[in-house]
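Chemist: Attaching a predicted model along with its sequence, questions to come.
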Amino acid sequence: MKIKWSYKPVLVMVATMVYFYLLINGIETYLNESYEERALWRSENKEAFFFNYMIVFSLFIVLLGIFNRYFISFLLTNVIVFLLAVFSFYKFSFLGEFLYPWDLMLYNNVLNLLPNLYDAINMTQVIIVFISVLIIISAFSAFLIVKKPKRWIRLNLWVRMLFVVLGTGYLSIFIFYRSIPEAEATLKEAGVTNMTFDQSRNYKTNGFLLTFLLNMQSAIVLAPRGYNENNILEIVDDLQEMEQDYEVRESLEQPNIIVIMSESFWDPTLIEGMQFTADPMPTVRELQKGQVLSPTFGGGTSNVEFEVLTGFSNMFLPPGSVPYQQYIKDSLPAMPNYLNSLGYRTTAIHPYPKWFWNREEVYKHLGFDKFIDIDGFENPVYKGPFVSDQQVTETIIEEIEASTEPSFIYAVTMQNHTGYEADKYEDYTVETVMPEGVKPVFDPLIRAYSQGVVDADAALKSLIEHYETSNEPTVVVFFGDHLPAIGHDYAFFKQTGYVPDGAGETNWGLEDQLKMKTTPLAVWTNYDAEIPELGTISTSFLSPLILDVAGIDKPLYHYILEDFKSQMPGYTNAIKLDVAGNLYKVTPDDVEATKRMYELIQYDLLFGEQYSLEKLFSSSK
């Protein structure tokens, strides 16, 4: 029998493989903005580069096996890879983070933010490129339909099945490497380690596509070692003993509790050489009792909320995950639920659509009686493109005055959200002078940002002035959720010398990480209450502080937070801070035992069987 052989399919596949080699180089250069740096990476990390290359090729042969159409498979491979790269590029531009697998769940958030990011993204160029690509694809598709040229590659059923099995098998090695015997060890031998503790380094060392796949299994939260009912109840018993060592100071009357998480609030006077016509935050400076260590930079507000309202730590979750979107699907023992059990009326206020970060659903699970989103404001006053901070203050006062019960208000402002352009506001009450040597492009950006700081401070002042003359005891806690994202790749902060220059966070020390993650924390009451100097504390540890200032008996759960804070008050993926002020990248050994208790209890309450729930959150001893 004579076997027919054609050289054309071989040439097509060879050309395709060469193209994918160029594609990986192009994607890596695009995402890291340096061909020289990526060329060096390619030479020093040959195995990682090969894995990235084979991921694209494996995706292609899977699609080819499914469709048996070269053009469709080639096109889909390019579309998938290009879209992931573009999404990652713009995410890094604004948040300083690469794309994670779980970010794909947040497409609604991205699409609805595009109008606010229009100028920075240059949507005109994006639209032109998109239309051009669409025209090329349409023209080529029309050619194939009309002319019906002979297929470049035609596979029989067995080869197609083989392609699908081999391609999916190869991709699965990286997705499920922790569950495949010897896979993780083989990767390590090849110099590939999933550095979940430092995702920026992870992506730069292993390459975009490889790291993206390695992170997929991290989206699945596995039970920590030692999780079982006996161990959890043993921890609870230890906490009950620990509880006896803490003095509880109860107030005579339950005070109103107002917590304001101010959008991107930070002290711009920390930039050396920056000049202002007046202090942009005199009220916060007078009332400041410390700083909060945020788990995020430039965005990810819901992850800060998650820590404040639950006392849980993002440190025990896959890096880059979004609990509001991924994990909170049922009632949780959060601060609003606990205060509700004590007779508080709990209200969340956020002047933006309720679907954002899935807040409408999550707030119900956390125990809020009411959520006032943008639709709940009647004829709100705007300043710039967002509802003003002063309007939020007035809404807080209206809600408390309308209630006969003590109120817990959790307000998340919007006015100083990203979009710091010269025309953001019609009128300015603050003038700024940049340090010498800083590019003029940042002048209008920092001025717009500083105006937002001024207005946030003024809104806080008006709230305090109102409750200074009120007969209702009231606690106010005010802090910024994260630093502002001003310029691509921390450009403003690098230009001004606030942090070292260089790609991403490459040249940063732990002190730089601390500076880029801390925001002011102010606490005030209209009655006599002891408010200690707090230093720097993670947002996870705010809830015990709030109840202490309010003189409210804390749930037993808070004692594990207090115990951990007494050893390590600052605890995030990027930076750890012990009580002596020492900084760490990884958890020190002497804190591991307490960390294990904290992690086990968090898993039990968030993902597990909630063995500890009843004892940890009883509203009375």
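Modeler: Received it, and whenever you're ready, just let me know what you need. Numbering: from 1, shown residues only.
Chemist: What separation is there between the most centrally placed residue in the chain and residue 307?
Modeler: With distances taken as C-alpha atoms, centre = their mean, residue 300 lies nearest the centre of the chain, 3.3 Å away. From residue 300 across to residue 307, the span is 11 Å (C-beta to C-beta, to the nearest Å). In short, each C-beta sits where N, CA and C put it, glycine included.
Chemist: same deal with residue 346?
Modeler: For residue 346, the distance to residue 307 - C-beta to C-beta - is 18 Å.
Chemist: contacting residues for residue 88?
Modeler: The contact partners of residue 88, by C-beta atoms under 8 Å, 6 or more residues apart in numbering, come to 31, 98, 99, 208.
Chemist: Confirm the third one sits in a helix?
Modeler: Just to be clear, that refers to residue 99. No - read with DSSP: H, G, I helix; E, B strand; the rest coil, residue 99 is coil and lies in no helix.
Chemist: Per-residue pLDDT of the closest residue to it other than its chain neighbours, please?
Modeler: Among residues not flanking residue 99 along the chain, residue 88 sits closest, at 3.6 Å (C-beta to C-beta, 6 or more residues apart in numbering). Looking at residue 88, its pLDDT is 87.
Chemist: Within the helices and strands, which one has residue 88?
Modeler: helix 70-95 (DSSP states H and E).
Chemist: How about residue 305?
Modeler: helix 301-310.
Chemist: elements contacting that helix?
Modeler: strand 256-262, helix 323-326, helix 335-341, helix 359-366, strand 407-412, helix 542-550 (3 or more C-beta pairs under 8 Å, 6 or more residues apart in numbering; DSSP states H and E).
Chemist: what is the mean pLDDT for the fourth one?
Modeler: Right, the one you point to is helix 359-366. pLDDT averaged over helix 359-366 gives 94.
Chemist: now for it, which elements pack on it?
Modeler: Judged by 3+ C-beta pairs under 8 Å, 6+ apart, helix 359-366 is in contact with helix 301-310, helix 335-341, strand 370-372.
Chemist: Redo the ones you listed as JSON lines? Include mean pLDDT.
Modeler: Below are these laid out as JSON lines (pLDDT from 0 to 100):
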{"stretch": "helix 301-310", "mean pLDDT": "95"}
{"stretch": "helix 335-341", "mean pLDDT": "96"}
{"stretch": "strand 370-372", "mean pLDDT": "97"}
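Chemist: Just say which of the ones you listed is most tucked in.
Modeler: Comparing these by mean neighbour count (mean count of other C-beta atoms under 10 Å), helix 301-310 comes out on top with a mean of 25.
Chemist: about what we covered before: what separates the helix holding residue 305 from the chain centre, distance-wise?
Modeler: Mean-position distance between helix 301-310 and its chain equals 10 Å (C-alpha atoms, centre = their mean, to the nearest Å).
Chemist: same thing with stretch 528-543?
Modeler: The gap between where stretch 528-543 is centred and where its chain is centred comes out at 23 Å by C-alpha atoms, centre = their mean.
Chemist: Please, which helix or strand holds residue 290?
Modeler: Assigned by DSSP H and E, residue 290 falls in strand 288-293.
Chemist: how many degrees apart are that strand and helix 542-550 in direction?
Modeler: Interaxial angle of strand 288-293 relative to helix 542-550 (axes from the mean of the first three to the mean of the last three C-alpha atoms, to 10 degrees): 160 degrees.
Chemist: tell me the angle strand 288-293 makes with helix 301-310.
Modeler: Going by the same axes, to 10 degrees, strand 288-293 makes 120 degrees with helix 301-310.
Chemist: Just checking: what are the partner strands of strand 288-293?
Modeler: Paired neighbours of strand 288-293 in the sheet (DSSP bridges): strand 518-525 (antiparallel), strand 535-538 (parallel).
Chemist: now, of the ones you listed, which is deepest in the fold?
Modeler: Neighbour counts (mean count of other C-beta under 10 Å) averaged over each of the strands paired with strand 288-293 peak at strand 518-525, with a mean of 23.
Chemist: could you dump that strand to PDB, C-alpha only?
Modeler: Provided in PDB are the C-alpha atoms of strand 518-525 (Å, rounded to 0.1, in the frame of the first residue of the first chain):
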ATOM      1  CA  THR A 518       0.300  52.200  55.300                       C
ATOM      2  CA  THR A 519      -2.400  54.900  55.600                       C
ATOM      3  CA  PRO A 520      -3.500  57.200  58.500                       C
ATOM      4  CA  LEU A 521      -5.800  55.900  61.200                       C
ATOM      5  CA  ALA A 522      -7.800  58.400  63.200                       C
ATOM      6  CA  VAL A 523     -10.100  57.600  66.200                       C
ATOM      7  CA  TRP A 524     -12.400  60.000  68.000                       C
ATOM      8  CA  THR A 525     -15.200  59.900  70.600                       C
END
